[in-house]
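>>> return atomic coordinates for the entry below.
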Amino acid sequence: MLISTIAIKHQTDPLTKLPNRAHLAWRFKQIVKEEQHLSAIITDINSLKMFNETHGHAVGDLILCEFAKVIKFQLREVDAIGLVDKPYRPAQLLSRLSSLFLLSIADYSFTSSPRQT
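Down below sits the predicted model:
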């Protein structure tokens, strides 16, 4: 019982009560090992830093907790959600990747006839 309590604390964000990076890493390994299908959504709360600086961290914490509740309510039992302290900006990263994909597709010369296999 003590081990499971420690594991839960180690894999849970204390503020939002969402699984943290350690839990998501474990869950991802489980998905790969079991060869399950995976879809992922990365989201970011715009201007949270500004809210913290303008209104205080208590307001920012409230926003995070409410955001977590709204998202968690929409999930099924088999779905996974987690909070990752971001060392990067997901929105900027996705924007760069999207631009790269669009440019690559625009520059690609597609064949005009179907390939014979």
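>>> what helix or strand does Ile31 sit in?
When elements are assigned from DSSP states H and E, Ile31 belongs to helix 21-33.
>>> chain center to that helix, what's the gap?
13 Å (C-alpha atoms, centre = their mean, to the nearest Å).
>>> which SSE is immediately downstream of it?
helix 48-55.
>>> give the other helices and strands that that next one contacts.
helix 57-74 (3 or more C-beta pairs under 8 Å, 6 or more residues apart in numbering; DSSP states H and E). Quick note: C-beta positions are derived from backbone N, CA and C, even for glycine.
>>> contacts made by the helix it packs on with the rest, please.
Identification of contacts with helix 57-74 by C-beta atoms under 8 Å, 6 or more residues apart in numbering yields 15-18, 43, 45, 48, 51-52, 81, 83.
>>> pLDDT score for Gln92?
Listed pLDDT for Gln92 reads 61.
>>> so where is this protein shaky, pLDDT-wise?
1-9, 42, 44, 85-97, 111-117 (pLDDT under 70).
>>> if we use 80, what do you get?
1-10, 38-47, 78, 80, 82-117 (pLDDT under 80).
>>> what about the residue lying closest to Ile45 once chain neighbours are set aside, neighbour count?
Distances taken as C-beta to C-beta, 6 or more residues apart in numbering put Phe67 closest to Ile45, at 6.0 Å, once the chain neighbours are dropped. Residues near Phe67, counting by other C-beta atoms under 10 Å, number 16.
>>> next one: Met50
If we define neighbours as other C-beta under 10 Å, then Met50 has 10 of them.
>>> surely Gln11 and Lys17 touch.
No - counting by C-beta atoms under 8 Å, Gln11 does not reach Lys17; the two are 11.1 Å apart.
>>> look at those two and report which has more neighbours.
Neighbour comparison, Gln11 and Lys17: the larger count goes to Gln11, with 18 against 13 (by other C-beta under 10 Å).
>>> residues contacting the more buried one?
19-20, 22-23, 26.
>>> switch to 6 Å and redo it
With contacts defined as C-beta atoms under 6 Å, 6 or more residues apart in numbering, Gln11 is in contact with 19-20, 22-23.
>>> just the buried residues of those.
19-20, 23 (16 or more other C-beta atoms under 10 Å).
>>> can you put those residues in CSV and add distance to Asp61?
Output for the buried ones among the contacts of Gln11, formatted as CSV (distance: C-beta to C-beta, whole Å):
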residue, distance to Asp61
Pro19, 18
Asn20, 16
His23, 20
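>>> fine, thanks again, bye for now.
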